[in-house]
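Got a sequence here, can you model it:
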Amino acid sequence: MSTSVSISNPASRLLWLMQLASPTLPVGGFSYSEGLEAAVEHGLVTDEKTAQHWLTDQLHLVQSRSELPVVAQAMAAWHNRDTARLQQLNDWIMQTRESFEMRLQTEQMGRSLLIWLRNHHAVVEADMQYCESLPPTWPLVFALALNTQSIDIREGLLACAFAWAENMVQAAIKSVPLGQLSGQRMLAALSTEIPLAVEHALSLPHNQQQSFTPRLAVLSARHETQYSRLFRS
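Just a heads-up that it's a prediction; the model follows:
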């Protein structure tokens, strides 16, 4: 049985996309620092300037080469009901999460977003059941969410990247720590970089997404045993 509800009004679709990208979405993104808290612990991030550099690098070295290209490819695969491709993408995400913390984040947030989608009657039940069987990862479920409302791929990636940026700026505010004005300056700076990251993600040929951030992986692993932690590991 299909429970999909499509939004035809452009204004309502935009508001729905803003809700999907909101840091208040109950998927738990706020509870992860993606290596940032460990970077603070080891003295790699100490103030607004170093936090800004860290997040800008993470945007271009991780998001634009890994997460965003997978979301784009998964949107096309969901549209075409290409389950073989969806399985490949999901497997790649799990295989390139180099710490328990990273795997926990992508799977926990993916499952939480599925619950949100079901609560909003936004997904065809067959797609929901298939996604649950994978197990679901965040990029794949985010792509499914975008596909339910036929969101343009570029707009979807912009929303995905901005959602990541807002969560990470909040993580920097809490862990460095920084003030709210510093956070707003950082978010504004990231917003100028996000379109470039999205265009890079869209320009990557099929199967050319990559994940190679050894320092981030080491810091994530160290965070799992860090004595004092604000964020989940």
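
Show the subsequent helix or strand relative to the helix or strand Ser182 falls within.
Using DSSP states H and E, the element containing Ser182 is helix 180-203. Next in sequence after helix 180-203, counting helices and strands by DSSP H and E, comes helix 214-223.

For that next one, buried residues please.
Leu216, Ala217, Leu219, Ser220, Ala221, Arg222, His223 (16 or more other CB atoms under 10 Å). The way it works is simple: take the backbone N, C-alpha and C, and place the C-beta from them, glycine included.

for stretch 170-181, same thing?
Buried-residue list, stretch 170-181, by 16+ other CB under 10 Å: Gln170, Ala171, Ala172, Ile173, Lys174, Ser175, Val176, Leu178.

what's the answer for stretch 21-39, then?
21, 23, 25, 27-30, 32-39.

Show me which pair in the buried residues of stretch 170-181 is furthest apart.
Greatest spatial distance among the buried residues of stretch 170-181 (CB to CB): Gln170 and Val176, at 11.2 Å.

what's the following helix or strand after the helix or strand that contains Arg85?
Element membership for Arg85, per DSSP H and E: helix 83-95. Downstream of helix 83-95, the next assigned helix or strand under DSSP H and E is helix 100-119.

and for the helix holding Ser182, what are the contacting residues?
48, 51-52, 55-56, 59-60, 63-65, 68-69, 71-72, 153-154, 157-158, 161-162, 165-166, 169-170, 172-173, 178 (CB atoms under 8 Å, 6 or more residues apart in numbering).

Give the buried subset of those as a ChimeraX selection command.
Provided next is the ChimeraX selection string for whichever of the contacts of helix 180-203 are buried by 16+ other CB under 10 Å:
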select :48,51,52,55,56,59,63,64,65,68,69,71,72,153,157,158,161,162,165,166,169,170,172,173,178
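
In helices, which of the contacts of helix 180-203 appear?
48, 51-52, 55-56, 68-69, 71-72, 153-154, 157-158, 161-162, 165-166, 169-170, 172-173 (DSSP state H).

For Ala39, which non-adjacent residue is closest in space?
Nearest non-adjacent residue to Ala39, counting by CB to CB, 6 or more residues apart in numbering: Val45, 4.5 Å away.

Please state the backbone phi and psi of that neighbour?
phi -120, psi 120 (degrees, to the nearest 10).

That one and Ala172 touch, don't they?
Yes: using CB atoms under 8 Å, Val45 makes contact with Ala172 at a distance of 7.4 Å.

Common neighbours of those two, please.
Leu36, Ala51, Trp54.

contacts for stretch 49-67?
For stretch 49-67, contacts defined as CB under 8 Å, 6+ apart pick out 34-36, 39, 44-45, 96, 138-139, 160-161, 164-165, 168-169, 172, 176, 178, 182, 185-186, 189-190, 193-194, 196-198, 200-201, 204, 209-211, 213, 216.

Endpoints of that stretch, how far apart?
25 Å (CA to CA, to the nearest Å).

Start at 37, not 1
Got it, first residue is 37 now, which makes that one stretch 85-103.

can you give me how far it is from the chain middle?
With CA atoms, centre = their mean, to the nearest Å as the basis, stretch 85-103 stands 12 Å off its chain's centre.

Which residues does stretch 131-145 contact?
63-65, 68, 70, 102, 129-130, 171-175, 177, 247, 253, 256-257, 259-260, 268-269.
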